[in-house]
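S.K.: when you get a sec, could you give me coordinates for this:
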Amino acid sequence: MIKKLIRRILGKKQKADDHTKPVILGPQQHGIDPQLVSSNAVRVTQTLQEAGFKAFLVGGAVRDLLLGIKPKDFDIATDATPEQVKRLFRRAFIIGKRFQIVHVMFGQDLLEVTTFRGASSDGSPKDEHGRVLRDNTFGEQHEDAVRRDFTINAMYYDPATQTVLDYHGGIADIRSKTLRVIGVPEARYREDPVRLLRVVRFAAKLDFTIDPATREPIAVMAPLINNVPAARVFDEMLKLLMSGHALACLQQLRKEGLHHGLLPLLDVVLEQPLGEKFVRLALASTDARIQQGKPVSPGFLFASLLWHQVVEKWTAYQAAGEYPIPALHLAADDVLNTQTEKLALQRKIASDMRDIWAMQPRFERRTGKSPYKLLEHLRLRAGYDFLLLRCASGEIDGELGEWWTAFIEADGAGREALIAQKPKSGNEGGAAKKRVRRRGGRGRQQGPAIESGE
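M.R.: Next up is the predicted model:
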């Protein structure tokens, strides 16, 4: 009895062979600030509990609360079935094929409610590599804890009693800043290869060390990601890039050997001095915006990552005799088509990327009405930010960015004066005056185009 009490107070791990009984920690042991908990999340757990069900905050929300961070999302786990949950809330929708969950809406606030998952069934449909395709087996809370990926994501918090239930030593791993897979790593990665990417994202985002047993199989099992639907890979990559620690995440991807083949651009770009500098600047800028709570455009982010692939193909098309503007569009098509095979890029994101890239040659035209027309472009800010990244990375002369900064900020007379002055870098000469015969457009022989976050 005394040993059990000490274990609960200190948050020590259960015996390796017994994960059916949780370590229970009260407010003084876990230190969670109730003010960081969403009122809507409390409302959901309270409604479920009043209806006779168990209900807890779970996963990343509990992890962040234990780290003193206000969670962005709150997930709830319960012993109520999806149908029972749905009946308790006015705006609730059952979604999912692989595992059914319920989305409960309060205005624009979305909370995800899952039923405790049972022990994985051998009868669950799997693909030839062992990836679980569908599994709606419900069970007890301790079985649900076993099914979660990492120890730090397998804790449950009850806002009503302010207690934390820890089945797998998650508290100890949070305190030692260790990322550890629950169960046998190889089996868990095979079950869901996306966990390979999640290991990287959490390690980089939280600045945690990956447990040796968890890390060892990663490089060998990386090809399993090729068996995951493109939409899921894209979703995980977007989370990684929008984590506020994108640069650290990509560095971790390389460290673990996960970058090869995942995003073809990473195989090359991160090993080219100019491309690497450009990507580092773009990701650092994105991370800073996210950490400041500012919005970021996914289109700008992916346009930045893929830009130097576009440049390479753009140059090749021009060397083969194509005019600059058609060459740029052909290069963009090639790169986007290649990436679509790996990532399910949403149509709007791909459209934003094209706009950002296509604007770059237009920034070189600083005579007549061209600059004024560009000011009316709906994606001007993203295209302009992209231009500044190109200048900062040394890809093009910084004078062009300085001119556009002055033009955007100037009044009518100031803009006329800027147009009247002779460009210092000579970008307006030579190839800039070549007429593109196709569709009667104008082209200019000039370097890459870039995009940025708005």
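S.K.: can you give me the buried ones in the helix or strand containing residue 334?
M.R.: Using DSSP states H and E, residue 334 falls within helix 324-342. Buried positions in helix 324-342, judged by neighbour count with 16 or more other Cβ atoms under 10 Å: 324-332, 334-336, 339, 342. Just so you know, the C-beta spots here come from the backbone N, C-alpha and C atoms, and that holds for glycine as well.
S.K.: cool, and stretch 225-235?
M.R.: Under the neighbour-count criterion of 16+ other Cβ under 10 Å, stretch 225-235 has 225, 228, 232, 233, 234 buried.
S.K.: please apply the same query to stretch 56-67.
M.R.: For stretch 56-67, burial by neighbour count (16+ other Cβ under 10 Å) applies to 56, 57, 58, 59, 60, 61, 62, 63, 64, 65, 66.
S.K.: and it, how far out from the chain middle?
M.R.: The chain centroid and the centroid of stretch 56-67 are separated by 19 Å, computed with Cα atoms, centre = their mean, to the nearest Å.
S.K.: try stretch 226-234
M.R.: Remark: stretch 226-234 is offset 14 Å from the chain centroid, using Cα atoms, centre = their mean.
S.K.: pLDDT on whatever helix or strand residue 157 lives in, on average?
M.R.: Assigned by DSSP H and E, residue 157 falls within strand 155-158. For strand 155-158, mean pLDDT rounds to 98.
S.K.: and the buried residues of stretch 225-235, which of them are in helices?
M.R.: Per DSSP state H, helices hold the following members of those: 232, 233, 234.
S.K.: returning to what we had before: dump the buried residues of helix 324-342 to JSON lines, plus distance to residue 102.
M.R.: Formatted as JSON lines, these follow (distance: Cβ to Cβ, whole Å):
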{"residue": "324", "distance to residue 102": "53"}
{"residue": "325", "distance to residue 102": "50"}
{"residue": "326", "distance to residue 102": "50"}
{"residue": "327", "distance to residue 102": "50"}
{"residue": "328", "distance to residue 102": "46"}
{"residue": "329", "distance to residue 102": "45"}
{"residue": "330", "distance to residue 102": "46"}
{"residue": "331", "distance to residue 102": "45"}
{"residue": "332", "distance to residue 102": "41"}
{"residue": "334", "distance to residue 102": "42"}
{"residue": "335", "distance to residue 102": "39"}
{"residue": "336", "distance to residue 102": "36"}
{"residue": "339", "distance to residue 102": "33"}
{"residue": "342", "distance to residue 102": "31"}
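S.K.: in TSV, list those along with pLDDT and distance to residue 406.
M.R.: Putting the buried residues of helix 324-342 into TSV (pLDDT from 0 to 100; distance: Cβ to Cβ, whole Å) gives the following:
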residue	pLDDT	distance to residue 406
324	94	26
325	93	26
326	95	31
327	96	30
328	97	26
329	96	30
330	97	33
331	96	30
332	96	29
334	93	35
335	90	32
336	91	33
339	78	36
342	66	40
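S.K.: and residue 93, that one's in a strand?
M.R.: Yes: counting by DSSP: H, G, I helix; E, B strand; the rest coil, residue 93 is part of a strand.
S.K.: my read: it touches residue 101, true?
M.R.: No: applying Cβ atoms under 8 Å, one finds residue 93 not in contact with residue 101, separated by 9.5 Å.
S.K.: tell me which of those two has more neighbours.
M.R.: Higher neighbour count among residue 93 and residue 101: residue 101, with 17 against 13, using other Cβ atoms under 10 Å.
S.K.: can you tell me the SS state at the closest residue to that one other than its chain neighbours?
M.R.: Of all residues not flanking residue 101 in the chain, residue 114 sits nearest, at 4.8 Å (Cβ to Cβ, 6 or more residues apart in numbering). Counting by three-state DSSP, the backbone at residue 114 sits in strand.
S.K.: okay, now the closest residue to residue 362 other than its chain neighbours: neighbour count?
M.R.: Among residues not flanking residue 362 along the chain, residue 374 sits closest, at 5.3 Å (Cβ to Cβ, 6+ apart). Here the number of neighbours of residue 374 (other Cβ under 10 Å) works out to 19.
S.K.: residue 374: what secondary structure?
M.R.: helix.
S.K.: does it touch residue 360 like I think?
M.R.: No: here residue 374 lies out of contact with residue 360, judged by Cβ under 8 Å, at a distance of 10.8 Å.
S.K.: in CSV, list the C-alpha atoms belonging to the helix holding residue 334.
M.R.: C-alpha atoms of helix 324-342 as CSV (Å, rounded to 0.1, in the frame of the first residue of the first chain):
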residue,chain,number,x,y,z
PRO,A,324,11.1,32.2,-70.7
ILE,A,325,7.4,32.5,-69.7
PRO,A,326,6.2,29.2,-71.4
ALA,A,327,9.3,27.5,-70.0
LEU,A,328,8.4,28.6,-66.4
HIS,A,329,4.8,27.3,-66.8
LEU,A,330,6.2,24.0,-68.2
ALA,A,331,8.6,23.7,-65.3
ALA,A,332,5.8,24.4,-62.8
ASP,A,333,3.7,21.7,-64.4
ASP,A,334,6.5,19.1,-64.2
VAL,A,335,7.3,19.8,-60.5
LEU,A,336,3.6,19.8,-59.4
ASN,A,337,2.9,16.6,-61.4
THR,A,338,5.8,14.9,-59.8
GLN,A,339,4.8,16.0,-56.3
THR,A,340,1.2,15.0,-56.7
GLU,A,341,2.3,11.4,-57.0
LYS,A,342,3.8,11.7,-53.5
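S.K.: hmm, residue 119 is touching residue 143, no?
M.R.: Yes: counting by Cβ under 8 Å, residue 119 touches residue 143, with 5.1 Å between them.
S.K.: more neighbours: which of the two?
M.R.: residue 143 (18 against 13).
S.K.: which one of the ones in helices among the buried residues of stretch 225-235 sits closest to residue 399?
M.R.: Of all those, residue 234 has the smallest distance to residue 399: 37.5 Å, by Cβ to Cβ.
S.K.: could you check how far that closest one is from residue 160?
M.R.: 38 Å (Cβ to Cβ, to the nearest Å).
S.K.: which residues touch the residue most central in space within the chain?
M.R.: When Cα atoms, centre = their mean is applied to the chain, the residue found nearest the centroid is residue 239 (1.8 Å). Residues in contact with residue 239 (Cβ atoms under 8 Å, 6 or more residues apart in numbering) are residue 201.
S.K.: look at residue 52 and report its pLDDT.
M.R.: Residue 52 is assigned 97 on the pLDDT scale.
S.K.: any idea whether residue 24 is helix, strand or coil?
M.R.: strand.
S.K.: I'd say it and residue 163 touch.
M.R.: Yes: Residue 24 lies in contact with residue 163 (Cβ under 8 Å); the separation is 5.6 Å.
S.K.: please point out which parts of stretch 181-199 sit buried.
M.R.: Residues of stretch 181-199 classed as buried: 181-182, 185, 188-199 (neighbour count, 16+ other Cβ under 10 Å).
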